[in-house]
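*Asks:* build me a model:
(3 chains)
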Amino acid sequence: MKIKPTTLNAYKLLHEGSLALAEVESHGMRIDTERLDRTINKASERIEKLERKLKEDDIFKDWKKEFGLKTSLGSRVQLGKVLFENLGYETKRRTKTGRAKTDEKALEELDLPFVKDYLRMEKLKKLRGTYLHGVKREVVDGILRPSFNVHLARTHRGQSDTPNFQNIPIRDPMIGKAIRSCFIPRDGHVLVEIDYGALEFRVCACFWKDSAMVEYASDSNKDIHRDIAMECYKLALGEVTKDSRFYAKNQFVFPELYGSYYVNCAKNLWSAIESGDLKTKQGTGLYEHLKSRGIKGPHAFENHIQWVEKELLKMFPDWAERRTEWWNKYRKRGWFRLMTGFVMAGVFTRNELMNFPIQGPAFHCLLWSLIRLVKWMKKEKMRSCIIGQIHDSIVADIHRDELDDYLVKAKQVMTRDVREAWPWIITPLEVDCEIAKTNWFEKREFAI
DNA sequence: ACAAACTGCCAC
DNA sequence: AAACGTGGCAGTTTGT
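*Replies:* The predicted model follows:
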């Protein structure tokens, strides 16, 4: 694969982007190292307690009998052998080498106390190893400086490592709190996180130039993920929760836009419904809800999702048509162009052709804004600084006296200036802001 | 003994 | 015909 900037501005974006991110790295983020140590100790205590409990279980006795001195709790191959061969539990799920899968989903189906404790222990180990120790290892004088690059991801997305600042847990509140509360503002500062609303869907509309999609992405009363959640789960407007919207977004809308189809979408959506975690806003389980609406099992649900897929294609007919044209054009030429001025040449799959023109330019909007803001803050000799970037959001450590200025400027740059620079952005852009006074976990929505 | 591959899980 | 995409990291297993 070969990627080339074909315009001076495209070249400048990466050059100046690298410089701006180097500046971001040099600022670094403040870490509450004492809290970090306390949290590591607490996690260790809980891990040890769970380990002791596991070792008293009969299943572990079998495990020990089978593997003797080689017994290792961290070995899922061993766990799989004990559960699915020795003890005779059954699973259809296989890894690509043919072994029984031992991931969270496969294990949860067993509904065994031993396995539940095992999964809880593994989650805590992940927290302690990847995140808590991952941060501790890299902190110098109370400051963490993750690397941010713009030249490594195939799609032109940004990337972060040592430690990866872009995958700090947030969805599990217990785990999220443990690690995020260790990220704190400097004295007299607050943490400010500004993210683009529905950036990827907006860029998607800009790329396909589907008039209905553009209209959809331009109307702040409309919300594609919420509206599709209503269709997928047969919900009324007031019944959609954050969770049901989340699943509609990540297991239907984006998958469909990037090349998946109703069978796989239905399968994934259904397993979330079956787990019982999803409810209407009024508290009815979605399983019961769908049953009362005539969808009684996975088969009926798949038919329903096939219908939703057809609706999506009807909603955005230009998109449906232009996908094929786009793919055929690439097949003829062997290369394609991003809206931000980069040419990508080489062998790509169909799904990559659907994804790359959107994922890269979406990040480029963020990068363009970040460059502007970093330059501005430097020029103004502000005490505040940008400390990180997460694909469609900018994290900053802002002095309280500079908060208003920063918010106004950030909104201006992110929603208006970038559109002036790039006329291909034919939808409005919106940003949401969160502020954390004590630590990153405590961030709260804040109206600019 | 070391490297690569595999598996799993965290984020957008 | 085929069936979302991008990343990092840890621990184990397999290959050289």
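*Asks:* for A:Thr7, give me the pLDDT.
*Replies:* The predicted local confidence for A:Thr7 comes out at a pLDDT of 88.
*Asks:* and for the closest residue in space to it that isn't next to it in sequence, the neighbour number?
*Replies:* The spatially closest residue to A:Thr7, leaving aside those adjacent along the chain, is A:Gly341, at 3.9 Å (Cβ to Cβ, 6 or more residues apart in numbering). The way it works is simple: take the backbone N, C-alpha and C, and place the C-beta from them, glycine included. Here the count is done by other Cβ atoms under 10 Å, and A:Gly341 has 20 residues near it.
*Asks:* check A:Lys12 too.
*Replies:* Neighbour tally, A:Lys12, other Cβ under 10 Å: 14.
*Asks:* now it, what's its secondary structure?
*Replies:* When the structure is split into helix, strand and coil by DSSP: H, G, I helix; E, B strand; the rest coil, A:Lys12 lands in helix.
*Asks:* wasn't A:Phe348 part of a strand?
*Replies:* No: secondary structure of A:Phe348 (three-state DSSP): coil, not part of a strand.
*Asks:* re earlier: show me what contacts the residue nearest to A:Thr7?
*Replies:* Contacts were defined as Cβ atoms under 8 Å, 6 or more residues apart in numbering; by that measure A:Gly341 touches A:Pro5, A:Thr6, A:Thr7, A:Asn9, A:Ala10, A:Leu13.
*Asks:* let's have these in JSON lines, adding neighbour count and distance to A:Ala266.
*Replies:* Formatted as JSON lines, the contacts of A:Gly341 follow (neighbours: other Cβ atoms under 10 Å; distance: Cβ to Cβ, whole Å):
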{"residue": "A:Pro5", "neighbour count": "17", "distance to A:Ala266": "41"}
{"residue": "A:Thr6", "neighbour count": "12", "distance to A:Ala266": "41"}
{"residue": "A:Thr7", "neighbour count": "12", "distance to A:Ala266": "43"}
{"residue": "A:Asn9", "neighbour count": "14", "distance to A:Ala266": "43"}
{"residue": "A:Ala10", "neighbour count": "19", "distance to A:Ala266": "40"}
{"residue": "A:Leu13", "neighbour count": "22", "distance to A:Ala266": "40"}
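*Asks:* can you tell me the element the residue lying farthest from the centre of chain A falls in?
*Replies:* Here the centre of chain A is the reference, and by Cα atoms, centre = their mean the most remote residue is A:Lys65, at 41.4 Å. In this structure, A:Lys65 is located in helix A:58-67 according to DSSP states H and E.
*Asks:* for that helix, packing partners?
*Replies:* Under the contact definition 3 or more Cβ pairs under 8 Å, 6 or more residues apart in numbering; DSSP states H and E, helix A:58-67 sits against helix A:76-81.
*Asks:* and the next element down the chain from the helix it packs on?
*Replies:* Downstream of helix A:76-81, the first helix or strand assigned by DSSP H and E is helix A:104-108.
*Asks:* any residues touching that next one, and which ones?
*Replies:* For helix A:104-108, the external contacting residues (Cβ under 8 Å, 6+ apart) are A:Thr91, A:Arg93, A:Ala100, A:Val115, A:Lys116, A:Tyr118, A:Leu119, A:Ser271, A:Ser275.
*Asks:* may I see the buried residues of the helix or strand following that helix?
*Replies:* Stepping forward along the backbone from helix A:104-108, the first helix or strand reached (DSSP H and E) is helix A:113-126. Of the residues in helix A:113-126, those buried under the neighbour-count criterion (16 or more other Cβ atoms under 10 Å) are A:Phe114, A:Val115, A:Asp117, A:Tyr118, A:Leu119, A:Met121, A:Glu122, A:Lys123, A:Leu124, A:Lys125.
*Asks:* which of the residues you listed lies closest to DNA strand C?
*Replies:* Among the buried residues of helix A:113-126, A:Lys125 lies closest to DNA strand C (Cβ to the nearest atom of the strand), at 6.6 Å.
*Asks:* quick check: the closest one touching A:Glu48?
*Replies:* No: in this structure, A:Lys125 is not within contact of A:Glu48 by Cβ atoms under 8 Å, at 11.0 Å.
*Asks:* near DNA strand B, which residues of the stretch 1-150 of chain A are found?
*Replies:* In this structure, the stretch 1-150 of chain A approaches DNA strand B at residues A:76, A:95-97, A:99, A:101-106, A:119, A:122-123, A:126, judged by Cβ under 7 Å from any atom of the strand.
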